[in-house]
Every structure is written in C-alpha cells, then in structure tokens.
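In: sharing a sequence plus its predicted fold:
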Amino acid sequence: MTTRLPSVLILYNVPGVAFRESDAGVLAEVAAVEAALTRLGGAHRTAGAVGLADVPGILAAAPEEVVFNLVECFPGRPADANDIPVLARAFGKGCTGSGAPCLAVALDKWQTKALLRAADLPTAAGLLVPVGQGIPARGFPKGPVIVKPLASDASEGIDAASVIARPGAALRKAVKRIHDLFRQPALIEAFVGQRELNVSVLERGGRAEVLPIAEIDFSAFDATRPRIVGYEAKWLAESFEYRNTPRILPARLPARVAGRVRSLALATWQALGCMDYARVDFRLTETLEPVVLEVNPNPDISSDAGFAEALTAAGITFDEFVEAVVTSAAARREDKGSEPAPSLSRGALSRKAPDPLAAQGKRRASAAAKCEDLDIRDSIKGDREPIMAAARSTGFFRDDEIVIATEVLDEALAKGTNGHYRSFTALAGGRPVGWVCHGPTPCTLGTFDIYWVLVGADARGRGIGKALMHHAENDIRRRGGRLAIIETNGRAFYEPTRQFYLHAGYHEAARVADFYAPGDDKIVYAKRL
C-alpha cells in the first residue's frame, strides 16, 4: 500500500433469536472484514451492540478513525440500525456504506417503491395493508402477488406461502401472519416473472461501477414451488431451496437486456443516494423487461455471499474492496460535508409536518441555480390539482396525509385572506410546482406555524423551496408576526430536512421524546422574524 490505512472499528449487531440464522450471518461478515484488514495490515478491532443505546458509549470510547458498519438490524427495532452513520459522524468518525437517509428509504419497501416511481424507474405494482386493517378492495395488483413485511431484510417473513395466486383466505392469512409476527404493515406486491437477478454495485474513487450480473438458477423448482429467494433459500442450509438456488454468474442475458439492467442499477443507486457498495435485485417479466425488486445498501458481504462472488467475477479481490470502502469513508470524514441522500425526502408524519424539501447535500447545493422564471402568488382554485399532484410526486405522503393537505388547501382557497390559512403557490414557467401554507398559532401573540412546504419532484434543486420559505416569512412579517414555528421528525432519516431549516435560520427550540412513536421524537424549530 502507498498510504496508511485508517484505523477501523468493525461495528456489528449482536445476533438476536427471532431469526437466528439471518442474524448470525453478520458474524460471517465480521470474520471476512477482520481477515481482510489483517492481510492489509490495518489496525482494527470489533465491537458488538445489542441495541442502539449501546452505540454512543462504544463510539465515545473508540479511538478508531473509521467505523466499518455491519449493523444490519437490532431485534424488534430494525429502523434503529439506520442511525449508525449519523452517530459515527457525530463522534467524528468516517462510516462505511450508505448514509442514514438511504438506509431508511431502502428499509421501507413502500418508500422505495414511491421513490423509484417518482424517478421513472420500473417497480412492481403493490398496496400496503397497515396493522389492524383489512385488505382494500380497490387498487389490488392483477395476477399473482407476494406478501412481504414492510421493513425487514434478509427475506425474513418470505417463503412459499407468501406467494398467492388470487385474493381469498390464503391472502388474508398471509397478511395476518405479517401483522402478527412483525407488527408491521404488509406489502402486497405483484409477483413479476420467473427470473431473478442480483446486481452488485461498487464505488471506487467516487465512481460507481456495476459488477457482473448474477441470476438465480431456479431450474430445479417444479411448478409447485414459487421461484423466489425466500428465507429458506438464504439461510436454512438443509432446505431444498437453499441447495437448489445457485447463482449463474455472469447471467446469460441478451446484450440489450444486460445493458438495460446495468443502466437501471446505476439509476437506482443514484436515486437512493447509495455509497460505497450496494445490491439491486431485479425480476424479469416474460418479455425480459427488468423490474426493480429491492435495493439493499448493506448487502451480505461474507465470503460465500453473492457480493463477494461478484467481486471475484469482476477481478476485484475482497481485500481491494475493503480497502476501497474504508478509504472512501475516511475521505468523507475529512471532507466534513453533507453526504448523498435519496433524491426525494419527506417530513414528519403529522398535520403540521412540512413536506421536506430535496436533500440539500453539498453536491446538489453547489449545482442548484436560482429559478429565473419563478413566480409566487396566492393560491387559486386552479392550483388545487397541480399542488396535490406535486405532493403525490414526492412519493412520501400517505393517503391520509394527502387528504389532510387537501383539506388545508381547500379551507385556504374557500376563505382567502379572511381565513386561518395563508396559501401560496410557486410557479415555474407558469406551471404550479410548489406550495407553502402558514397560519397564526392559536392563543399566541405574533407566533405563526408554517404547516406545509412542498416542491414537486420534477422541480427540485432550483431554489424553489428556499424561495417559498422566504415568501412565507415575509408574509408573516406583514401580518405582524414575530416568530415562525416548524415541527418535524427527529429520526436520522430527516437529517437533510432539518439541515434545510437550520440553513434557513431556524434553531431547535424544543424536542418531545417518543412523540410519533417510541424513539421517534418531534422537534420544534423556531425563527425570530
């Protein structure tokens, strides 16, 4: 090596018991990274965390410069693993792999689908069934479906019984199983084709490259077995599925199809803001059209996993891979700038939660230019559908939130300047592309809430969100306002949104712990006008 490798703390989650096979798989990853760092001559040690509460103490006592992040899931709290990059950064350490916003989106299969749709990337049709609710009668995908937990990795909760030919008792049973076992919404997704591809992506020197495409060989499966890579196929070594799902690497695909898959893999990587390494899984339709199945920004990197095999097929040693990602993490530590994030973000899940603006990472901020044809005016009735279309285009509002936003806008339109809400529309080229809504806080003197701020997916990065905020603040001043309040979510996923408010001159004025859910705080930002 020509340069010194930074010291590395290999941080992993201590395996639980619910899905002990998949949880224990992280230990094989730890062993592989340890072996590589030993061969590279880099100083390193390992530390296991039972839960997120363990991590600050581990990091505070760690002298290492870089965290090699192998925390995949904490038992019962899978979303907590998404916060590791933020904590590592807070303790002044580089962190391998993707950032918190990317991890959060990828864990939530519904958000991933929404982001892919907004980016015009192909994904299977689906619908979400929240815990305690029945299967909707409308919006059901055509043909056979597969039922999955919303936010679980490693094919947990997926087996032959997850694939359902038609609506009925079997489907209701599959949904109930997800609700009961995971206490998560169930995703009912159209079951696409009979072929599955794994595409590994590696970033070296700031450039993402697609490694040789792998296909899962289902040729041993008869008509009674759905061609899926379920939990048995990944983790139960004695099962038929495990023994009969080898990889074909490289996949035997027509050049046109292979080129399309590689292009979509890179576009998906960029849409989610992945870093260092990731795997994008595809299904192929009967006409060989690729459909994005899942994005895994922290794939299994143990020595016998698909990512390691893809490295070998590309002529890249595992040591070179480890050195590349550690070096990249160290460079980000020195850079101190913002990291890539999904191209779309969202705000806190409440009536008063502003729609988050696009991730304001350093690369986007430097490239953003003022929108020369921007105009902001009072909202009119003709803006209603474009504004709601812009809200839906972000992909991160639930249907009930869209209903609330519509009610707020309708009240603002109906009552005009005599009403509680003041509503403004941003137009670019004469077309509505953004919306801001504010109103006086009841029982206060001169305090105003900014309820909603949103910019359509196709108008991001042009300074429109900032212009809307300034317009709302100026209007509040004209109405005698002295203080503007914004509420948002405290989870790591919302870091870009919170950074936007901080850059706009707001400061954290209050925090309500566990407001939205256990471990899910509400943060109140304030700005004196």
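Out: Yep, that arrived.

In: so what pLDDT did the one residue sitting closest to the centre of the chain get?
Out: Nearest residue to the geometric centre of the chain (Cα atoms, centre = their mean): residue 105, 1.2 Å. We have a pLDDT of 87 for residue 105.

In: doesn't it fall inside a strand?
Out: No. According to DSSP: H, G, I helix; E, B strand; the rest coil, the state of residue 105 is helix, so it is not within a strand.

In: select the longest helix from the chain.
Out: helix 20-40 (DSSP state H).

In: check which helices and strands that one sits against.
Out: Applying 3 or more Cβ pairs under 8 Å, 6 or more residues apart in numbering; DSSP states H and E, one finds that helix 20-40 makes contact with strand 8-13, strand 44-49, strand 66-70, helix 231-235, helix 318-335. C-betas here are computed from N, CA, C, even on glycine.

In: repeat that with 10 Å
Out: strand 8-13, strand 44-49, strand 66-70, helix 231-235, helix 306-313, helix 318-335 (3 or more Cβ pairs under 10 Å, 6 or more residues apart in numbering; DSSP states H and E).

In: returning to that earlier point: ok, the residue nearest to the centre of the chain touching residue 118?
Out: No. Taking Cβ atoms under 10 Å as the definition, residue 105 is not a contact partner of residue 118, at 11.4 Å.

In: Throw the helices and strands packed on helix 20-40 into TSV and include mean pLDDT and mean neighbour count, thanks.
Out: Formatted as TSV, the helices and strands packed on helix 20-40 follow (pLDDT from 0 to 100; neighbours: other Cβ atoms under 10 Å):
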stretch	mean pLDDT	mean neighbour count
strand 8-13	96	24
strand 44-49	95	18
strand 66-70	97	27
helix 231-235	81	20
helix 306-313	95	20
helix 318-335	92	19
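
In: would you list those in TSV and tack on distance to residue 513?
Out: TSV is the format used below for the helices and strands packed on helix 20-40 (distance: least, Cβ to Cβ, whole Å):
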stretch	distance to residue 513
strand 8-13	23
strand 44-49	21
strand 66-70	25
helix 231-235	35
helix 306-313	38
helix 318-335	29
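
In: residue 251 is nearest to which of these?
Out: Closest to residue 251 of these is helix 306-313 (Cβ to Cβ; 10.4 Å).

In: go ahead and name everything in contact with the closest one.
Out: 29, 32, 198-202, 210-214, 216, 229, 247, 249-250, 277-279, 281, 296, 299-303, 305, 316-318, 320-321 (Cβ atoms under 10 Å, 6 or more residues apart in numbering).

In: let's see which of those residues end up in strands.
Out: Counting by DSSP state E, those place 198-202, 210, 214, 216, 247, 277-279, 281, 296 in strands.

In: only the buried subset of those residues, as a ChimeraX command please.
Out: This is how ChimeraX selects the buried members of those, with burial counted by 16 or more other Cβ atoms under 10 Å:
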select :198,199,200,201,202,210,214,216,247,277,278,279,281,296
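
In: which among the ones in strands among the contacts of helix 306-313 gets closest to residue 66?
Out: Once Cβ to Cβ is applied, the member of the ones in strands among the contacts of helix 306-313 that ends up nearest residue 66 is residue 277, at 14.7 Å.

In: residues near residue 402, how many?
Out: Neighbours of residue 402 under the rule other Cβ atoms under 10 Å: 13.

In: now do it against residue 393, distance only.
Out: Distance, residue 402 to residue 393, by Cβ to Cβ, to the nearest Å: 11 Å.

In: and for residue 29?
Out: 37 Å.

In: tell me what angle the longest helix of the chain forms with strand 66-70.
Out: Relative orientation of helix 20-40 versus strand 66-70 (axes from the mean of the first three to the mean of the last three Cα atoms, to 10 degrees): 150 degrees.

In: for the stretch 101-250 of the chain, which segments are assigned as strands?
Out: 126-129, 145-149, 163-164, 186-190, 195-204, 207-210, 214-216, 247-248 (DSSP state E, counting those that start in this stretch).
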